[in-house]
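Participant: Build me a model from this:
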Amino acid sequence: MAKNIDNLKMFEHDPYLENFKNDIQLRIDSYNAKRTQLVGKKGKLSSIANFHEYYGFHKTRTGWIYRDWAPAADEVYLTGDFNNWDSRSHKLDRIDENTWEIKIKGITSIPHNSKIKTIIRKNGIDHYKIPMFINKVEQVQYEHGRLDFFGLMNNPRRRYKFKNDFKIKKDFKPYIYEVHIGIAQEKEGIGTYKEFIKILPRIKKLGYNAIQIMAVASHAYYGSFGYHVTNYFAASHWFGDVEDLKRLVDEAHKLDIAVFMDIVHSHASKNVYDGINLYDTTDYQIFHSGERGNHELWDSKLFDYEKENTIRFLLSNLKYYLEEYNFDGFRFDGVTSMIYHNHGIGQAFVSYNDYFSMNTDIDALTYLTLANELVKEVKPYAITIAEDVSGMPALCLPIKEGGVGFDYRFSMGIAEHWAKELDLDDHDWNMNKMWHELTTKREDEKTISYAESHDQALVGDKTIIFKLSDAEMYWNMDIENSSHIINRAIALHKLITSVTLNTASDGYLNFMGNEFGHPEWIDFPSAQNNWSYKYAKRQWSLVDNENLKYKWLNKFNEDSIKFSQDHDLLSYNPHLLMIHNDFKLLVFERNGLIFIYNFHPTRSYEGLVIPVLSNGNYQVIFNSDDSIYGGNDRIDKEYIYTSEKIFGYDYPASIRIYSPSRTMMILKKLK
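Facilitator: Numbering: from 1, shown residues only. Sure, this is the predicted structure:
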């Protein structure tokens with residue numbers, strides 16, 4: 001990163017940043033200083049992101065060597081099935097201020113899948129722990145419901161070998177399918193990596209070229225959605241063997257589907273017994289000490305990004321998943337919480353002063369910059385995505401241009417906008433605000449749009465389709481049944497997802513099942529619902545049933561994705577041609593195509609004058625009112641519209657069209 005910032009392009013794109021040059025310089029200086037501290041002026045970050053290759057279990061020619069990171073421990077022991085849980089037979093030697101080590105003779109002395117724990121002894125008390133760098137864990141339930149977690153020796157006879165040489169191409173445009181392995185199955189239970197492989201052809205057929213997998217890192221509580229990580233170097237045991245995850249990634253690559261991991265470096269589980277909290281008995285080994293180390297809303301622990309070993313731990317975690325599981329990048333969860341000392345709680349972010357103040361966590365921004373550099377160093381084509389609701393400037397600028405280095409940020413305001421609109425009467429929808437939310441972004445940063453993600457599907461909230469139809473979905477989704485509530489829901493669902501996709505700047509995301517209007521919500525098993533899995537599954541049979549209306553939404557989503565890709569829409573910006581709030585009309589151009597959206601609940605417009613870019617003949621090439629999408633076939637796909645100069649309209653060229661209520665159509669100029 002350049003030390004002199006005067007010539008950085010960010011100031012050309014956003015002149016307001018000129019007022020905060022000192023703050024930006026501080027960020028750059030912090031990054032440069034930390035990088036030099038870690039690897040010197042010319043070193044590579046990957047050279048210090050190797051905690052997983054040093055700590056934990058490693059095979060030697062004569063057996064095993066195990067190292068543990070526990071600086072505050074008085075003594076450390078290894079115990080497990082291999083020594084009949086003898087708590088004193090395998091004592092580790094301290095080899096430096098951070099590290100303990102033991103050498104164990106015999107490759108088979110610790111059998112594959114045998115249970116293991118470490119004992120951290122402090123002030124005469126034994127603390128049983130799952131080894132911090134273990135890469136496989138297991139939950140055991142005993143009689144009377146008691147649970148216990150163990151580390152497992154992972155030494156299979158055959159490790160999965162990746163067969164498909166997959167690389168994200170330079171012109172890659174992300175159409176992301178957000179997934180959770182456990183709830184991806186129809187059964188009332190927890191889905192597996194193996195079972196999810198069978199879902200991949202569905203995703204491929206829909207046209208998505210990437211999956212974003214949630215809850216990959218091990219988490220003791222299934223209902224946490226994977227956001228309270230307990231074991232950072234172990235892929236989640238809930239979904240099967242770790243080798244099965246490798247096969248899943250490989251099978252996705254076989255279908256030319258990139259695989260992103262939802263990485264949680266914003267906080268960690270506060271669990272002591274089965275997590276990394278108080279691992280060496282101190283609260284400051286890897287987290288902030290005292291109250292600063294606690295997230296008041298998430299009930300979790302907060303990393304201290306200033307500490308060198310915390311940085312090395314987290315960078316090693318990224319490198320591990322890139323190399324061991326062949327992931328193609330990461331979606332960084334909770335970035336807003338990381339980069340502000342108040343974690344963005346209750347803050348509106350209405351001024352640039354909100355981005356540049358004593359509330360800004362420079363250490364967190366420095367870590368994220370290092371993380372992005374490390375990811376590109378290990379896998380140059382990998383992609384990183386920031387989940388940030390604040391709109392922090394330069395977050396998605398390259399590091400060499402003074403940015404934090406993310407490739408994309410989620411455009412999170414769009415889903416919030418739709419949630420608010422759906423609470424209003426249809427006549428009160430604000431078209432100007434809609435356009436603003438759909439298209440607002442920093443000129444120099446790339447964004448990924450979505451109408452809804454997993455957040456909107458959780459219990460306590462409602463998906464778009466369920467807000468629109470509610471209990472009516474239980475009775476009137478059969479194609480033989482007529483319901484004005486369902487008709488409205490299907491029409492608006494198509495408009496909402498379509499306009500979000502067709503105005504998306506650089507990428508699009510959909511949470512699994514929402515493409516066909518999956519009913520109800522997600523509710524993980526808990527004491528409150530009597531540990532039920534009823535709402536922790538995906539009902540694929542609904543969309544596969546030819547007698548149900550779900551197939552219409554699914555087909556519309558599939559064809560919309562294909563249309564966007566075939567016409568390379570994400571390579572072009574949308575340009576507003578006409579907007580009318582009272583008529584609920586939105587007309588824009590993208591890559592030479594004319595997009596017309598009529599959101600009005602009742603009014604269809606005959607002879608509606610629409611501006612076009614140039615004189616010529618135009619024809620509808622895609623529309624939401626087609627009967628294959630559950631529409632009424634009110635839009636003529638054969639008619640040729642000839643442009644003209646219409647008196648009283650200040651457009652260089654216009655066409656007159658029929659625009660039915662609650663429909664969208666796309667017109668193309670004929671050659």
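
Participant: Walk me through the domains of the chain.
Facilitator: Using the TED database, the domain parsing of the chain gives 51-153, 572-669.

Participant: In TSV, list the ones you listed along with mean neighbour count and distance to residue 528.
Facilitator: Glycine gets a C-beta too; all of them are placed from N, C-alpha and C. Listed next are the domains of the chain as TSV, based on neighbours: other Cβ atoms under 10 Å; distance: least, Cβ to Cβ, whole Å:
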stretch	mean neighbour count	distance to residue 528
domain 51-153	17	17
domain 572-669	17	36
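
Participant: Figure out which of the ones you listed is closest to residue 537.
Facilitator: Closest approach to residue 537 among those (Cβ to Cβ): domain 51-153, 20.2 Å.

Participant: So for the closest one, mean pLDDT?
Facilitator: Here domain 51-153 scores 96 as its mean pLDDT.

Participant: what about that domain, distance to the chain center?
Facilitator: Centre-to-centre, domain 51-153 and its host chain are 33 Å apart (Cα atoms, centre = their mean, to the nearest Å).

Participant: Check the residue of the chain positioned farthest from its centre and give its pLDDT.
Facilitator: For the chain, the residue at maximal distance from the C-alpha centroid (Cα atoms, centre = their mean) is residue 647, at 50.1 Å. Looking at residue 647, its pLDDT is 77.

Participant: In three-state terms, how would it be classified?
Facilitator: The local conformation at residue 647, judged by DSSP: H, G, I helix; E, B strand; the rest coil, is coil.

Participant: need the domains of the chain in CSV with distance to residue 286, can you?
Facilitator: What follows is these, written out as CSV (distance: least, Cβ to Cβ, whole Å):
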stretch, distance to residue 286
domain 51-153, 9
domain 572-669, 43
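
Participant: Of those, give the one that comes closest to residue 278.
Facilitator: Of those, nearest to residue 278 by Cβ to Cβ is domain 51-153, at 7.7 Å.

Participant: Would you mind measuring the gap between the ends of the closest one?
Facilitator: By Cα to Cα, to the nearest Å, the extent of domain 51-153 from end to end equals 18 Å.

Participant: Tell me how many other residues crowd residue 247.
Facilitator: Neighbour count of residue 247, defined by other Cβ atoms under 10 Å: 18.

Participant: Once you drop chain neighbours, what's closest to it?
Facilitator: Leaving aside its sequence neighbours, residue 247 sits nearest to residue 160 (Cβ to Cβ, 6 or more residues apart in numbering; 5.5 Å).

Participant: any idea which element that neighbour lies in?
Facilitator: Remark: residue 160 resides in no helix or strand, with elements defined by DSSP states H and E.

Participant: ok, it - contacts?
Facilitator: Contact analysis of residue 160 by Cβ atoms under 8 Å, 6 or more residues apart in numbering lists 243, 244, 246, 247, 250.

Participant: What is the nearest of those residues to residue 362?
Facilitator: For those, the nearest to residue 362 is residue 246 (37.2 Å; Cβ to Cβ).

Participant: how close does the closest residue to that closest one other than its chain neighbours sit to residue 153?
Facilitator: What sits nearest to residue 246 in space, not counting adjacent residues and going by Cβ to Cβ, 6+ apart, is residue 160, at 4.2 Å. Remark: distance between residue 160 and residue 153 (Cβ to Cβ, to the nearest Å) = 17 Å.

Participant: wait, doesn't residue 463 sit right on residue 452?
Facilitator: Yes: counting by Cβ atoms under 8 Å, residue 463 touches residue 452, with 6.0 Å between them.

Participant: Need the overlap of contacts for the two.
Facilitator: Joint contacts of residue 463 and residue 452 (Cβ under 8 Å, 6+ apart) are residue 514.

Participant: Does residue 127 lie in a helix or a strand, and which?
Facilitator: strand 125-129.

Participant: So which residues of the stretch 351-500 of the chain form helices?
Facilitator: 362-378, 413-421, 431-439, 454-457, 464-469, 484-503 (DSSP state H, counting those that start in this stretch).

Participant: between the third one and helix 484-503, how many degrees?
Facilitator: Just to be clear, that refers to helix 431-439. For helix 431-439 against helix 484-503, the angle by axes from the mean of the first three to the mean of the last three Cα atoms, to 10 degrees is 50 degrees.

Participant: contacting residues around helix 431-439?
Facilitator: 413-414, 417, 421, 449, 499-500, 503, 505, 574, 576, 579-581, 584-586, 588, 599.

Participant: Give the rounded mean pLDDT of that helix.
Facilitator: Helix 431-439 comes out with an average pLDDT of 98.

Participant: For it, what is the distance to the chain centroid?
Facilitator: On Cα atoms, centre = their mean, the centre of helix 431-439 falls 23 Å from that of its chain.

Participant: Buried residues of it, list them for me.
Facilitator: 431, 434, 435, 437, 438, 439 (16 or more other Cβ atoms under 10 Å).

Participant: again, but for the fourth one
Facilitator: By neighbour count, and taking 16+ other Cβ under 10 Å as the criterion, the buried residues in helix 454-457 are 454, 456, 457.

Participant: Which of the helices of the stretch 351-500 of the chain has the lowest mean pLDDT?
Facilitator: Taking the mean pLDDT of those, helix 454-457 comes last: a mean of 86.

Participant: Can you name every helix or strand that it contacts?
Facilitator: Contacts defined by 3 or more Cβ pairs under 8 Å, 6 or more residues apart in numbering; DSSP states H and E place helix 454-457 against helix 413-421, strand 508-511.

Participant: Could you export those as JSON lines, including mean neighbour count and distance to residue 630?
Facilitator: Listed next are the helices and strands packed on helix 454-457 as JSON lines, based on neighbours: other Cβ under 10 Å; distance: least, Cβ to Cβ, whole Å:
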{"stretch": "helix 413-421", "mean neighbour count": "19", "distance to residue 630": "20"}
{"stretch": "strand 508-511", "mean neighbour count": "26", "distance to residue 630": "18"}
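
Participant: With distance to residue 225 added, can I get these in JSON lines?
Facilitator: Formatted as JSON lines, those follow (distance: least, Cβ to Cβ, whole Å):
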{"stretch": "helix 413-421", "distance to residue 225": "17"}
{"stretch": "strand 508-511", "distance to residue 225": "12"}
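
Participant: What ranges does the stretch 101-250 of the chain have for its helices?
Facilitator: Using DSSP H, counting those that start in this stretch, helices in the stretch 101-250 of the chain cover 193-197, 200-206, 242-254.

Participant: what's the closest of those helices to residue 557?
Facilitator: Of all the helices of the stretch 101-250 of the chain, the one in closest proximity to residue 557, counting by Cβ to Cβ, is helix 200-206 (6.4 Å).

Participant: Am I right that residue 52 is in contact with residue 133?
Facilitator: Yes: between residue 52 and residue 133 there is a contact under Cβ under 8 Å: 5.6 Å.

Participant: Need the overlap of contacts for these two.
Facilitator: residue 233.

Participant: can I get the CA coordinates of stretch 220-236 in PDB?
Facilitator: Provided in PDB are the C-alpha atoms of stretch 220-236 (Å, rounded to 0.1, in the frame of the first residue of the first chain):
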ATOM      1  CA  ALA A 220     -21.400 -26.600  19.400                       C
ATOM      2  CA  TYR A 221     -24.900 -25.200  19.200                       C
ATOM      3  CA  TYR A 222     -26.700 -26.200  16.000                       C
ATOM      4  CA  GLY A 223     -29.300 -23.500  16.500                       C
ATOM      5  CA  SER A 224     -26.700 -20.700  16.300                       C
ATOM      6  CA  PHE A 225     -26.800 -20.900  12.500                       C
ATOM      7  CA  GLY A 226     -23.100 -21.300  12.600                       C
ATOM      8  CA  TYR A 227     -22.400 -17.900  14.000                       C
ATOM      9  CA  HIS A 228     -21.100 -18.900  17.400                       C
ATOM     10  CA  VAL A 229     -18.000 -20.800  16.300                       C
ATOM     11  CA  THR A 230     -16.300 -23.000  18.900                       C
ATOM     12  CA  ASN A 231     -13.600 -24.800  16.900                       C
ATOM     13  CA  TYR A 232     -12.100 -22.700  14.100                       C
ATOM     14  CA  PHE A 233     -10.000 -25.400  12.300                       C
ATOM     15  CA  ALA A 234     -12.700 -28.100  12.400                       C
ATOM     16  CA  ALA A 235     -15.400 -28.300   9.700                       C
ATOM     17  CA  SER A 236     -18.800 -28.700  11.300                       C
END
